[in-house]
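1. mind looking at a prediction? Sequence and model below.
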Amino acid sequence: MQKRALIALAFAMPALGTDMPPAIPDAPIEYTEISYEQETAPADPYIAPVEAPAMPGPVAAASSEPGGCVNLNLYSTDYTVRGMGVRDAFSKAGYSSVSGSWTMPNRNLFGKGLQHRIGGEYGIIWDSASELSNPHVARFTYAIGKEIFPNLLAELGYTLRHGGLEGYVARHYDGAGHHTTQEFNASLSYNDHQRGFFGKAEAGFSFYGLTGTWFDIEAGYRFTDVLSRGNMGADLELSAGVAPSIGYWGSGVNGVDAWRIKAALLPYSHSGTFGRDSRFFIKPWVQCSWAGGNSSEMRHDNGGVDMVDDFCFTLGIDCGFTF
């Protein structure tokens, strides 16, 4: 008898740890809609409620690129035009200028990712007896551009020039009766700050004052940290360029205006006061240029006046800032 009771108790033990099955209903079963949302736990009166952080709204991407720059050529020993150094009779005491460029805030014109820019320059040829007869040089530019590849910018624009070598030739030898020229221009410029490569290919199509086409092609490389001592360091830019033209300086002037090489030192402070990590910069430079075949053509086409040096060695120093 006792043995039977123990066997029955062993079979009943699992049932004691579980709920008994519900009774089978007599009426038809009605199903209710089930919500799978997490139920809010009852608030604890002793704990302050914590609000969920608000979801951030759309934020406009801010551009870190500067919108403009100002460059002051404190002094250069010669007045040059795309590498062409003019004779001492035109520029014996050197040249100084201030130039600037500003890209408008709207960089998505017509919804096509286009940007527009204005630029200008005002310079003085430091020679009151210069045969250019107008020591003041001025330029105004308006251009529309688009970054077609990373670091590669294409631009189409308009430029008005007054004075300088262009104004002199327009006034005295091209029958313009004034010192003003106007042109349309196109350019491709590349500047890779990380790898150090930079360059520019530019063309101008003059239609007023002078009538012809000029080109300017330049390529270079930026060597970083060529000098470093204490809180100071310096980068070095080396570049080479060529400037051909077709009928720009006269109807029979077709060929190369000048070849040039240029070296520029870019000092900087490790503290970021000026130079590489700052918006303020200083840039001493030296340029050597050789006249192309157009120098003799210009002399022949412009009354025998020798305007361009066969070789020009120019020293200069620039400073400026970006904003």
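-> Arrived safely.
2. average pLDDT for the longest strand along the chain, rounded please.
-> As far as residue count goes, and with DSSP state E defining each element, the longest strand of the chain is strand 210-229. Averaging the model's pLDDT scores along strand 210-229 yields 96.
3. tell me the buried residues in it?
-> Judged by neighbour count (16 or more other CB atoms under 10 Å), strand 210-229 contains these buried residues: L210, T211, G212, T213, W214, F215, D216, E218, G220, R222. The C-beta positions use only the backbone N, C-alpha and C, and glycine is treated the same way.
4. beta partners of the spatially closest residue to the fourth one that is not a sequence neighbour?
-> Okay, so that is T213. Closest residue in space to T213, ignoring its immediate chain neighbours: I246 at 4.6 Å, by CB to CB, 6 or more residues apart in numbering. As for beta bridges, I246 partners with T213, N254 under DSSP bridges.
5. pull the number of nearby residues for I246.
-> Neighbours of I246 under the rule other CB atoms under 10 Å: 14.
6. when you give positions from now on, start the count at 27
-> Happy to do that; since the first residue is 27 now, the last one works out to I272.
7. pretty sure it sits against G238.
-> Yes: using CB atoms under 8 Å, I272 makes contact with G238 at a distance of 5.9 Å.
8. report how many residues lie close to G171.
-> Taking other CB under 10 Å as the neighbour definition, G171 ends up with a count of 21.
9. that one should be in a strand, yeah?
-> Yes: using DSSP: H, G, I helix; E, B strand; the rest coil, the assignment for G171 is a strand.
10. that one reaches G145, doesn't it?
-> No: when contacts are counted by CB under 8 Å, G171 is not listed as touching G145 (11.5 Å).
11. returning to what we had before: farthest-separated two in the buried residues of strand 236-255?
-> With distance counted by CB to CB, no two of the buried residues of strand 236-255 lie farther apart than T237 and R248, which are 37.3 Å apart.
12. residues in contact with the spatially most central residue of the chain?
-> Closest to where the C-alpha atoms of the chain average out (CA atoms, centre = their mean) is N217, at 7.0 Å. Taking CB atoms under 8 Å, 6 or more residues apart in numbering as the contact definition, N217 lies against N177, F223, F224.
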